[in-house]
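**Student:** have a look at this prediction, sequence included:
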Amino acid sequence: MTHERVLAIFPGALGDFICFLPALERLAERSVIDVLARTEFSDLAPLNVQVGSLERFEIRSLFVSGGSQHEKVRGFFESYAATYSWLGSRQAIFEQELSSATHQKVRLFPFRPVRMRMHQAEYYLSCLDELPTISPPCVRPKPKAVEWTRAYWEQNSIGCKPMLAIAPGSGAREKNWPVNSFEAVARWWRDWVGGVVMILLGPVEEERGGYSTLCRSSLVMRGVDLGLLAALLARCSLYIGNDSGTSHLAAAVGTPTVAVFGPSDLVQWAPRGESVSILTQNVQCSPCTDSTMKSCAHRKCLTHLEPTEVIQKLAVLPAVSKLTKGGAGIRVFSEISPESYGRTAG
């Protein structure tokens, strides 16, 4: 049986792409799928999905009036039976040119849900007229990456020691739990659990700096590609991070994941996986808009989340108390309050 070729145009970052995976897998069940996105996502996509660069002539041309008439553009889109795009919604020229290039065989969607509060993964599925799935996004590390990780464990004499992965950054500084709080968790893991700590730093964290103390006495991975990062995370006993793409990836590879949420909307952005816990103060002003988040003077949704309280929650997780990978579902701990550790909010 020959399946028709379908093109998906997806402009999102890492967390967005992880949320997009269930919809992508649904498309791949009935078609041969090519995705134009960030090329670094190729190691995370299902085996039967090809990922190409979004930065190509055929896409750039659609933002110019008449661009769809170029022979190269028409030839590219005519090779597909259908096109789904989450790029260019409400941009009149792009919509018109994409419709012309595909001979109206296109479905164009807003990148974010409009006037609806729903999880991003469910939104992408709804664009395909699919019912929300109970299956979380799933990333399977490639064999070469798994072998590289095995060798890394051996080179660093990690053996069977439990590994805690910490990703202290995110795409927005305002979403980050204070770095000294992560430092307290790292000390606890080494002293109480007797484990090893791995700090994950991307280009943004490298540029911002301020992580030297956290990195002390820890293994540090800097700017590792996503395929290797997926394999590293899959081998860890526990992961903790902010609302970030790395947190979504940790959950998707099946590692017990703890995500610290402050101003973000956990209804829309909570990572989904086999074992995910969300730690949040659940203050009255959270979640908030991006503009409010960037101008917030107190940031109490994060600064009032004390490391001692977080450590108490981590200590009773099955992944820590038994040091085995287990559990299911998302557990939301919202009962943490300033009163519980003797502070007054304000």
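**Tutor:** Good, I have the coordinates. Numbering: from 1, shown residues only.

**Student:** quick one, helices of the stretch 201-346 of the chain?
**Tutor:** 203-208, 212-215, 226-235, 245-252, 266-269, 290-295, 300-303, 307-315, 318-321 (DSSP state H, counting those that start in this stretch).

**Student:** and those: which comes nearest residue 11?
**Tutor:** helix 245-252 (14.0 Å; C-beta to C-beta). From N, CA and C alone the C-beta is placed, and that goes for glycine too.

**Student:** what's in contact with the closest one?
**Tutor:** With contacts defined as C-beta atoms under 8 Å, 6 or more residues apart in numbering, helix 245-252 is touched by 13-19, 21, 44, 136-139, 165, 167, 171, 200, 202, 226, 229-230, 233, 236, 239, 241, 257, 259, 271-276.

**Student:** how about low-confidence regions in the stretch 101-250 of the chain?
**Tutor:** Scanning the stretch 101-250 of the chain for pLDDT under 70 picks out the ranges 131-134.

**Student:** so where do the strands sit in it?
**Tutor:** 106-108, 163-167, 196-201, 219-222, 238-242 (DSSP state E, counting those that start in this stretch).

**Student:** run the chain-centre distance for the third one.
**Tutor:** Once both centres are worked out by C-alpha atoms, centre = their mean, to the nearest Å, strand 196-201 turns out to sit 17 Å from its chain's centre.

**Student:** where's the closest residue to residue 14 other than its chain neighbours relative to residue 229, distance?
**Tutor:** Leaving aside its chain neighbours, residue 14 sits nearest to residue 245 (2.8 Å; criterion: C-beta to C-beta, 6 or more residues apart in numbering). For residue 245, the distance to residue 229 (C-beta to C-beta, to the nearest Å) stands at 10 Å.

**Student:** scan the chain for its longest helix.
**Tutor:** helix 14-30 (DSSP state H).

**Student:** got the buried residues for it?
**Tutor:** For helix 14-30, the neighbour count (16 or more other C-beta atoms under 10 Å) marks 14-28 as buried.

**Student:** what's the closest of those to residue 215?
**Tutor:** Nearest to residue 215 among the buried residues of helix 14-30, with distances taken as C-beta to C-beta, is residue 14, at 21.8 Å.

**Student:** my guess is the closest one contacts residue 226, does it?
**Tutor:** Yes: if you go by C-beta atoms under 8 Å, residue 14 and residue 226 touch, sitting 7.2 Å apart.

**Student:** shared neighbours of those two, anything?
**Tutor:** Common neighbours of residue 14 and residue 226 (C-beta under 8 Å, 6+ apart) are 41, 249.

**Student:** what about residue 149, neighbour count?
**Tutor:** The tally of other residues near residue 149 (other C-beta atoms under 10 Å) stands at 20.

**Student:** typed the wrong thing, it's residue 257
**Tutor:** Residue 257: 30 surrounding residues under other C-beta under 10 Å.

**Student:** and for residue 10?
**Tutor:** So residue 10, with other C-beta under 10 Å, has 22 neighbours.

**Student:** quick one, what contacts it?
**Tutor:** Residue 10 neighbours (C-beta under 8 Å, 6+ apart): 16, 17, 20, 35, 36, 37, 54, 86, 87.

**Student:** cool, residue 211 as well?
**Tutor:** 168, 179, 199, 201, 205.

**Student:** return the most buried member of the helices of the stretch 201-346 of the chain.
**Tutor:** helix 245-252 (a mean of 29; mean count of other C-beta atoms under 10 Å).

**Student:** next, the angle from that helix to strand 238-242.
**Tutor:** 150 degrees (axes from the mean of the first three to the mean of the last three C-alpha atoms, to 10 degrees).

**Student:** give me the angle between helix 245-252 and strand 196-201.
**Tutor:** 130 degrees.

**Student:** now the angle between helix 14-30 and helix 245-252, please.
**Tutor:** 40 degrees.

**Student:** how about residues contacting stretch 79-99?
**Tutor:** 4-12, 27, 31, 34, 54, 59, 61-68, 77, 102, 105-111, 124, 127-128.

**Student:** quick check, nearest of the buried residues of helix 14-30 to residue 155?
**Tutor:** Checking the buried residues of helix 14-30 one by one against residue 155 (C-beta to C-beta), the nearest turns out to be residue 14, at 26.8 Å.

**Student:** who are the neighbours in contact with the closest one?
**Tutor:** So residue 14 contacts 41, 226, 244, 245, 246, 248, 249 (C-beta under 8 Å, 6+ apart).

**Student:** try residue 138
**Tutor:** 21, 252, 254.

**Student:** correct me if wrong: the last one contacts residue 273.
**Tutor:** Spelled out, it's residue 254. Yes: assessed by C-beta under 8 Å, residue 254 is found in contact with residue 273 at 6.3 Å.

**Student:** comparing those two, which residue is more hemmed in?
**Tutor:** residue 273 (26 against 17).

**Student:** local confidence estimate at the nearest residue to that one once chain neighbours are set aside?
**Tutor:** Closest residue to residue 273 apart from its sequence neighbours, by C-beta to C-beta, 6+ apart: residue 251 at 3.0 Å. Residue 251 carries a pLDDT value of 98.
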